[in-house]
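Trainee: This is a predicted model, with the sequence first.
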Amino acid sequence: VYRSSGVGGLYRGLGPTLIAMFPYVGVEFMVYETLKRRWEMHVGPVGTAALLLLGAAGGAAAQASAHPLDVIRRRMQMQNMEEAKRDDDVDGGEDAEAKKYSNMFTGLYHVGKTEGVHVLFNGLGPACLEKIPSTAIGYFIYEFLKVTLKVSSV
């Protein structure tokens, strides 16, 4: 990467990654805290199983909301790798014209318009299977530390 794109190539995709991270974290925390408050109002104190379930729901909602951004980010990164490979090819590699996304928003628009919005959610199931367990455990630890440190939610 460094040889073909320089130092900038090492950071390619950082902007889209940060853009996707903000809604992910916001949705995850909002869904978790909202569900937890409702649980406490309607059911009572939140036990271990409920904490894991609520954390899993927050993780799933966050993954679903940020997944389209992740799809475009990966495509943009692959686009840059394919461009570098074409530059290295002897014949120029002009047989297949690559889809060019100048930024995340044009990528979202282009994929939605030409391939369908459903394509932005391809791979959501496996992504959720990866994120849900860690998010559930993370919120369980978060609640444990809040009790241990005697702090409360905002």
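Mentor: On my side now, so go ahead. Numbers count the residues shown, from 1 in each chain.

Trainee: So in this protein, which helix runs the longest?
Mentor: helix 48-88 (DSSP state H).

Trainee: Name the residues of the very next helix or strand once past it that are buried.
Mentor: Sequence order places helix 104-114 as the next helix or strand after helix 48-88, per DSSP states H and E. Buried residues in helix 104-114, counted by 16 or more other Cβ atoms under 10 Å: 104, 107, 108, 110, 111. Any C-beta I mention is one placed from the backbone N, CA and C, and that applies to glycine too.

Trainee: residue closest to the middle of this structure?
Mentor: Against the mean C-alpha coordinate of the chain, by Cα atoms, centre = their mean, the closest residue is residue 66 at 4.5 Å.

Trainee: So that residue is in contact with residue 18, correct?
Mentor: No. In this structure residue 66 lies outside contact range of residue 18 using Cβ atoms under 8 Å: 11.6 Å.

Trainee: on that earlier part again, now flag whichever of the buried residues of helix 104-114 is closest to residue 41.
Mentor: Nearest to residue 41 out of the buried residues of helix 104-114 is residue 108 (Cβ to Cβ; 36.9 Å).

Trainee: Please tell me how far the closest one sits from residue 117.
Mentor: 9 Å (Cβ to Cβ, to the nearest Å).

Trainee: for residue 151, same thing?
Mentor: Distance from residue 151 to residue 117, by Cβ to Cβ: 41 Å.

Trainee: Helix, strand, or coil at residue 37?
Mentor: Taking DSSP: H, G, I helix; E, B strand; the rest coil as the rule, one finds residue 37 in the helix state.

Trainee: how many neighbours does it have?
Mentor: For residue 37, the count of nearby residues is 12 (other Cβ atoms under 10 Å).
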